[in-house]
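**Student:** Here is the input, now give the coordinates:
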Amino acid sequence: MTILSKKSGEEYKKQNYSERMNKTGRPVSPHVTIYAFPVTALTSITVRVTGMAMSVGCFGLGAVELVGGSGTAAATMEMIGNSGVLVSAPAKFCVAFPLVYHYLGAVRHFVW
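**Tutor:** This is a model prediction of the structure:
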C-alpha cells in the first residue's frame, strides 16, 4: 500500500490520466472509438432497437385510433399503401424489417 503525503496527493489530482500514464511509461487504454464490438453485441443492440421501434409504431397507431375514432388507423395504413411506390415501399420495409429481425433475434435467443 502506498501512502501519499498531502502535497503529493494534490499533485496527483492535478495530473490527468494520460499524463500519469506517460510519466509511468504505461500505455493508455484504447479509446471507445477504436473498440470493435463483437457481432453478437451488435445484433443484440439491433434487436433491442427494433423492439423499441415496434413499440413506438404500435403506440402511434393506437394514438391515431384513439384520437381519430374507430377505423382511422386502418384508413391511415391504407392511404400510405395506396400513395405510390416511392412512399409505400419504404413504409412497408419500415414495418417488415423490425418484425422479421426481431422475430429472428428471438429465435436465435431461444436456440442459443
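
**Student:** and the helix or strand where Met54 lies, which residues are buried?
**Tutor:** Met54 is located in helix 39-68, with elements delineated by DSSP states H and E. The neighbour-count check on helix 39-68 (16 or more other C-beta atoms under 10 Å) flags Thr43, Val47, Thr50, Ala53, Val64 as buried. C-betas here are computed from N, CA, C, even on glycine.

**Student:** Quick one: residues contacting the last one.
**Tutor:** Right, Val64. Thr72, Ala73, Thr76 (C-beta atoms under 8 Å, 6 or more residues apart in numbering).

**Student:** Return the distance of it relative to Ala74.
**Tutor:** Distance, Val64 to Ala74, by C-beta to C-beta, to the nearest Å: 10 Å.

**Student:** Among the contacts of Val64, which one has the most neighbours?
**Tutor:** Of all the contacts of Val64, the most densely surrounded is Ala73 (18 neighbours; neighbours counted as other C-beta atoms under 10 Å).
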